[in-house]
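K.L.:
Quick one: sequence and predicted model below, then my questions.
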Amino acid sequence: MTEEKHLLEPTIKTYPSRWWILLLTSLHLAHQNIGLNTWGPITQSVKTVYGWQDTTVVFILNMGRAGSILYMCVGSLTLDKAGLRVTMLIFSVTMLLSNGLRSFSRDKDVALILVTIGEFLNGCNGVISFAAPPIVAEKWFPPGERITATAVMVLAAYVGDGVASIVGPKAVENPELQNISALHNSTWTMEVTNGDEMLDGLMYYLYVQCGLSLALLIATVAYYPDKPSAAPSTTAGMSRLTYKEAFKKIFTNKHLVSLVLVFGVMVGTYTSWVQVIDIIYDPIGFSQLNAGWIGFSTVMAGSALGFIVARFSDIFMKRLKPVLLSMFILVISTSLWTSLIAGEFLPYSAWQLYVSAIVSGGVLNASFPLWYEVICEASFPIPGGIINAMSDFVFLVFANGFFALMYIPVSDHRWLTWTMFVCSLTGFLTLLLLPVSYIRTDIDTEAKEGDACHNNGFDSMEMDIALR
């Protein structure tokens with residue numbers, strides 16, 4: 001194997017501006033997910049306003065996934081080669097274009113075309129939304145803040161899902177039906193009485209999202225540097241493998257491949273489930289507002305818990321595996337409870353469905369930032385854009401697979417709730433059986449203690465360890 005020279009940045013320093021970068025990135029990711037989750041929570045309303053079917057909504061959501069898949073290679077290369085500033089500027093412009101198209105026309109035929117294109121463009125940004133958090137955290141934050149910073153950005157994206165789940169049904173009214181005439185055979189004709197109000201609410205909702213896109217673009221142009229003048233840690237200042245070496249390392253490391261696969265399956269299942277809760281629970285009489293409250297509460301509970309767990313993991317380093325295993329035991333138990341209640345294998349109870357769904361989805365959501373760190377630790381020194389794009393690819397494949405199941409011609413999709421139980425059980429078993437390494441943390445810890453910083457052979461020695 002060709003030996004490469006991996007450079008070590010001599011100055012380790014942190015800057016207050018990292019908090020602005022964290023805030024702005026988090027707002028970007030939340031805003032992007034609000035856009036992606038616009039349609040699921042208001043399915044019943046848009047079906048009435050635009051004459052769509054459930055499959056139309058699923059098709060539009062899949063166009064977002066398609067954008068992510070097709071843009072994946074370009075997005076990961078942009079992150080690794082062009083840097084964060086260029087990447088986030090492209091991200092901001094794409095979001096403005098996406099939301100501008102979606103809010104351009106009230107005509108239902110024109111709207112379907114523009115909404116589909118807008119969803120595709122938003123989906124292209126999904127690659128960046130998925131891959132950027134650990135890269136931003138590594139470039140701007142020291143080891144004792146890295147997991148927390150990653151958690152804030154990852155969870156901000158899911159907060160966007162939650163906000164859309166509750167704001168959408170609040171902004172866009174439910175269809176109101178009224179009997180208008182009696183026909184023969186005692187059949188009544190039903191007419192929607194608030195169609196104009198629903199369309200007005202929808203357009204206002206889309207206009208607000210477009211305005212937020214413009215504000216975030218202006219903020220990004222004003223200040224979003226690629227990286228700080230000095231690296232915040234030893235590993236942040238070290239160069240990465242070439243793409244050829246990186247792919248060779250990935251595909252010869254079965255443990256790493258397994259972690260990436262399981263992570264992608266869990267994220268794909270969870271994010272898809274959150275977006276179509278309205279459709280899944282409709283057969284048991286859940287309104288889109290009630291389903292939205294489950295989605296919102298799940299995300300908010302997961303975000304609060306995720307931040308606490310991430311901060312704990314930053315303080316007590318190298319404890320990711322036991323923390324994740326403990327979380328998965330709770331997820332497995334409550335997702336099984338959710339599935340049994342939703343399927344009415346146990347006596348149906350609305351409060352039990354609320355509690356079980358919120359706890360299972362919330363804890364699973366809270367585990368994702370820790371999974372990011374497990375993969376980043378195990379994959380060092382592979383470029384972040386590559387490894388996170390691969391995780392994103394697996395996530396998108398399984399997310400599209402989840403949506404494809406909704407094309408099955410049945411009126412009741414509650415059985416899809418079982419996918420949450422299966423993916424959490426898979427994650428638990430995978431993590432239980434596989435070792436977890438802390439390559440990046442070990443290098444930073446040794447350098448901080450001063451043992452390696454004065455050793456002329458440090459760079460080659462540590463990189464040899466990382467390449468094993």
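P.N.:
Right, received. Where do you want to start? Residues are numbered from 1 along each chain as shown.

K.L.:
low pLDDT regions in the stretch 351-468 of the chain?
P.N.:
384-385, 411, 447-468 (pLDDT under 70).

K.L.:
residue boundaries of the helices in it?
P.N.:
With DSSP state H, counting those that start in this stretch, the ranges of helices along the stretch 351-468 of the chain come out as 384-405, 418-433, 439-449, 458-467.

K.L.:
Next, the buried residues of the second one.
P.N.:
I take that to be helix 418-433. By neighbour count on 16 or more other C-beta atoms under 10 Å, the buried set for helix 418-433 is Trp418, Thr419, Met420, Phe421, Cys423, Ser424, Thr426, Gly427, Phe428, Thr430, Leu431. In this view, the C-beta of every residue, glycine as well, is placed from N, C-alpha and C.

K.L.:
winner for burial among the helices of the stretch 351-468 of the chain?
P.N.:
Most buried of the helices of the stretch 351-468 of the chain, by mean neighbour count (mean count of other C-beta atoms under 10 Å): helix 384-405, with a mean of 22.

K.L.:
picking that back up, select, out of the helices of the stretch 351-468 of the chain, the one closest to Cys73.
P.N.:
Closest to Cys73 of these, according to C-beta to C-beta: helix 384-405, at 7.5 Å.

K.L.:
And stretch 120-140, how far out from the chain middle?
P.N.:
With C-alpha atoms, centre = their mean, to the nearest Å as the basis, stretch 120-140 stands 9 Å off its chain's centre.

K.L.:
low-confidence ranges in the stretch 101-250 of the chain?
P.N.:
In the stretch 101-250 of the chain (pLDDT under 70), the answer is 176-195, 236-237, 241.

K.L.:
Please, where are all the helices along it?
P.N.:
Going by DSSP H, counting those that start in this stretch, the stretch 101-250 of the chain shows helices at 108-124, 126-140, 143-171, 195-222, 243-251.

K.L.:
Show me what the last one is packed up against.
P.N.:
Contacting helix 243-251 under the criterion 3 or more C-beta pairs under 8 Å, 6 or more residues apart in numbering; DSSP states H and E are the following elements: helix 254-275, helix 384-405.

K.L.:
Buried residues of the one helix or strand Leu305 maps to, list them for me.
P.N.:
Following DSSP states H and E, one finds Leu305 within helix 288-315. Using 16+ other C-beta under 10 Å as the test for burial, helix 288-315 gives 288-303, 305-307, 309-311, 313-314.

K.L.:
which strands and helices sit next to it?
P.N.:
With contacts taken as 3+ C-beta pairs under 8 Å, 6+ apart, helix 288-315 sits against helix 43-50, helix 143-171, helix 254-275, helix 277-280, helix 320-342, helix 350-379.

K.L.:
For Leu112, which of these is the nearest?
P.N.:
For those, the distance to Leu112 is smallest for helix 43-50, at 6.7 Å, taking C-beta to C-beta.

K.L.:
got the angle between the closest one and helix 143-171?
P.N.:
50 degrees (axes from the mean of the first three to the mean of the last three C-alpha atoms, to 10 degrees).

K.L.:
Dump the C-alpha coordinates for helix 43-50 into CSV.
P.N.:
Included here for helix 43-50 are C-alpha records, laid out as CSV according to Å, rounded to 0.1, in the frame of the first residue of the first chain:
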residue,chain,number,x,y,z
THR,A,43,-52.6,14.5,3.7
GLN,A,44,-56.4,14.6,4.2
SER,A,45,-56.5,18.4,3.4
VAL,A,46,-54.3,18.3,0.2
LYS,A,47,-56.3,15.2,-1.0
THR,A,48,-59.4,17.4,-0.9
VAL,A,49,-57.8,20.7,-2.2
TYR,A,50,-55.8,19.2,-5.0
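
K.L.:
The helix or strand following it - contacts with which helices or strands?
P.N.:
Counting by DSSP H and E, the element after helix 43-50 in chain order, helix or strand, is helix 54-77. If contacts are counted by 3+ C-beta pairs under 8 Å, 6+ apart, helix 54-77 sits against helix 43-50, helix 108-124, helix 126-140, helix 384-405.

K.L.:
Would you mark the buried spots in helix 54-77?
P.N.:
Neighbour counts over helix 54-77 (16+ other C-beta under 10 Å) mark 54, 56-69, 71-72, 75-76 as buried.

K.L.:
Distance from the helix holding Leu305 to the middle of the chain?
P.N.:
Counting by C-alpha atoms, centre = their mean, helix 288-315 comes out at 13 Å from the chain centroid.

K.L.:
tell me the average confidence for that helix?
P.N.:
In this model, helix 288-315 carries a mean pLDDT of 76.

K.L.:
and the angle from it to helix 43-50?
P.N.:
130 degrees.

K.L.:
Helix 288-315 vs helix 320-342, what angle?
P.N.:
Per the same axes, to 10 degrees, the angle that helix 288-315 makes with helix 320-342 is 160 degrees.

K.L.:
relative to helix 350-379, how tilted is helix 288-315?
P.N.:
Counting by the same axes, to 10 degrees, helix 288-315 lies at 40 degrees to helix 350-379.

K.L.:
list the buried ones in the helix or strand hosting His28?
P.N.:
Assigned by DSSP H and E, His28 belongs to helix 18-36. Buried residues in helix 18-36, counting neighbours by 16+ other C-beta under 10 Å, are found at 18, 21-22, 24-36.

K.L.:
closest to Glu197 among these?
P.N.:
Among the buried residues of helix 18-36, Ile34 lies closest to Glu197 (C-beta to C-beta), at 21.8 Å.

K.L.:
Next up, the contacts around that closest one.
P.N.:
Going by C-beta atoms under 8 Å, 6 or more residues apart in numbering, Ile34 touches Gly160, Asp161, Val163, Ala164, Val167, Gln209.
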